[in-house]
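From the sequence below, what's the structure:
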Amino acid sequence: MKITDEMIDYIGALSRLKLQDEEKESAKEEMEKIINYMDILGKLDTEGVEAMSHAFPVKNVFREDVVMPSTDREIITANAPKSKDGSFVVPKTIG
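All right, here's what the predicted structure looks like:
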């Protein structure tokens, strides 16, 4: 596939980039290399190859939730400057 100047201008506009002429030429060359490589990959026989989503096996590293009794509210609010009915009292921030 041949990448045209119009394609580069369009992609630049989508990316909100203002490319100089040298940058446009470089981008065209790079995109042509990418497209050519994708064509090569498209010719590979992948019959029987299992699809994968990660390069390495993924496992859940989080522990299961365990229900445990909570700490007593009186202990939690004991060091608070102000508390009321087992909750912290904080200054009003919106008038």
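
by contact count, what packs against the longest helix anywhere in the chain?
In the chain, assigned by DSSP state H, the helix with the most residues is helix 21-42. On a contact count with 3 or more CB pairs under 8 Å, 6 or more residues apart in numbering; DSSP states H and E, helix 21-42 meets helix 5-14. For the C-beta atoms, the positions are set from N, CA and C on the backbone; glycine is no exception.

could you give me the average pLDDT of the helix it packs on?
The average pLDDT within helix 5-14 is 93.

Got phi/psi on residue 88?
phi -80, psi 140 (degrees, to the nearest 10).

swap in residue 83?
Dihedral angles (degrees, to the nearest 10) for residue 83: phi -150, psi 160.

repeat for residue 87
phi -130, psi 160.

Need the pLDDT of it.
90.

That one reaches residue 74, doesn't it?
No: look at residue 87 against residue 74 with CB atoms under 8 Å: they stay out of range, at 11.5 Å.

Neighbour count: these two, which is higher?
A count of neighbours by other CB atoms under 10 Å puts residue 87 above the other of residue 87 and residue 74, at 12 against 9.

what's the more buried one in contact with, if anything?
73, 77 (CB atoms under 8 Å, 6 or more residues apart in numbering).

Return the distance of it relative to residue 69.
19 Å (CB to CB, to the nearest Å).

Buried residues, stretch 17-26. List them.
19, 24 (16 or more other CB atoms under 10 Å).
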